[in-house]
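Coordinates for the following, if possible.
(2 chains)
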Amino acid sequence: MAQTKAAKSDTILFAAPQSLEDVPLHYCPGCGHGIVHRLIAEVVDKLGIADRTVCVASVGCSAINYLYFKFDGLESSHGRAPASASGIKRCRPDLIPFTYQGDGDLAAIGTAEIVHACARGENITVFFINNAIYGMTGGQMAPTTLVGMHSTSTPGGRNPALAGYPIKVCEMLSTLEGPAYIARVSIYNPAQVRRAKQAIELAFRTQLAGLGLALVEVLSPCPVGWGVEPVQAMDWLVEHMLPQYPLGEYKVTEAVQALKEVKGHA
Amino acid sequence: MSQRRHTAYITIDSERCKGCGLCIFFCPQKVIGQAERFNQKGYTPATVIEEKAGECTGCTACALMCPDIAIGVYRHAKVAP
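Residues are numbered from 1 along each chain as shown, chains lettered A, B, ... in the order given. Here you go, the predicted model:
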């Protein structure tokens, strides 16, 4: 008989992280936001920084994500999350602000903010969720939409002659001096989810060590926006997004590399 | 050689589950299936297939992929022989 409730004496192999509120998430079925929320909460729990962490939410599907975290949250104006986080960090250096932005927020309206936050080398952490589409407003073309990709505003596929080419955020920002750590990860299978968690942890540790801006881009599925089933969305991501957005670490300064090699890092 | 016994099990919060099917796809033991009933929100939630429940190895792949944090994974406490 399948159990529906865990017995108290049993060993917990996996349970929801403490920093996450016990409420259902509002995201569509198969959306990657839930996985990334959980990874962030797990890392915050592991580092024991829940009382000092501040989530700076952006505008987009994840606009109300501070309702899901038990630590502090702030809603910033559209695209201005890195500026809000910079302000928090400069006024209260003991706090640990991180921004949680989608591709519409970070790569479209907020491009100037993130470029200048990187140029200044603010000591903040940025999580950039790239699903190549505007999810909340109904699947329109985003700056990260792939060439030829269908969306509600490019029904015939993105035509570069008309709509230009996708922005590769990690490649672009890694040319700047300011950022300490820039990596692109994905969550299309359990192994990649584990890798994404390592990158998120290193991004927080970079800030804790005061080394500068850390940005982790997460390639995430949007099954509803892409018009595919959740399981097929993972295959679609591998097939179409990975060739355009290769995974890997784009910038690791020597200090972050030393931090990475410290024993005990997951 | 005695037959390998798995002592892990999962719990699924069927009201949180949105029936996306990622856990069903990623379970290496194929322990999870889609329920025939609907939950309050109108989704057909994932459920443990009763005859395969004993094959769960506790690998946590389903829980890692669950976007709704609906899955918990546990190992039975050891019972003295």
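
Can I get stretch A:82-100 in CSV, CA atoms only?
The C-alpha trace of stretch A:82-100 is given here as CSV (Å, rounded to 0.1, in the frame of the first residue of the first chain):
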residue,chain,number,x,y,z
PRO,A,82,19.8,45.1,-9.4
ALA,A,83,19.5,48.8,-8.4
SER,A,84,17.3,47.9,-5.4
ALA,A,85,19.7,45.2,-4.4
SER,A,86,22.7,47.5,-4.8
GLY,A,87,21.0,50.0,-2.5
ILE,A,88,20.2,47.4,0.1
LYS,A,89,23.8,46.1,0.1
ARG,A,90,25.3,49.6,0.3
CYS,A,91,23.1,50.7,3.2
ARG,A,92,23.2,47.4,5.1
PRO,A,93,26.3,45.5,4.2
ASP,A,94,25.3,42.8,6.7
LEU,A,95,22.3,41.8,4.6
ILE,A,96,22.4,39.4,1.7
PRO,A,97,20.2,40.6,-1.1
PHE,A,98,19.6,38.6,-4.2
THR,A,99,17.6,39.4,-7.3
TYR,A,100,15.3,37.0,-9.0
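
So which bits of that stretch are buried?
Residues of stretch A:82-100 classed as buried by neighbour count (16 or more other CB atoms under 10 Å in any protein chain shown): A:82-89, A:96-100. All C-beta atoms are positioned from the backbone trio N, CA, C, and that covers glycine.

avg pLDDT for that stretch?
Across stretch A:82-100, pLDDT averages out at 96.

Ok, stretch A:248-266 next?
So the average pLDDT for stretch A:248-266 ends up being 85.

Run through the strands of chain B in chain order.
Along chain B, counting by DSSP state E, strands occupy B:8-12, B:32-34, B:46-48, B:71-75.

any chance of those strands in a markdown table, with mean neighbour count too?
Below are the strands of chain B laid out as a markdown table (neighbours: other CB atoms under 10 Å in any protein chain shown):
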| stretch | mean neighbour count |
| --- | --- |
| strand B:8-12 | 23 |
| strand B:32-34 | 18 |
| strand B:46-48 | 22 |
| strand B:71-75 | 21 |
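
Can you give me every residue that contacts the residue most central in space within chain B?
What sits nearest the mean C-alpha location of chain B, by CA atoms, centre = their mean, is residue B:10, with 4.4 Å. Residues counted as contacts of residue B:10 (CB atoms under 8 Å, 6 or more residues apart in numbering or on different chains) are B:31, B:32, B:48, B:56, B:62, B:63, B:71, B:72, B:73, B:74.

State the distance from the residue of the stretch 151-266 of chain A found nearest chain B to residue A:196.
Proximity of the stretch 151-266 of chain A to chain B (CB to the nearest CB) peaks at residue A:230, 4.0 Å away. Distance, residue A:230 to residue A:196, using CB to CB, to the nearest Å: 17 Å.

Looking at these two, which one has more neighbours?
For residue A:230 versus residue A:196, the count of surrounding residues by other CB atoms under 10 Å in any protein chain shown is larger for residue A:196: 26 against 22.
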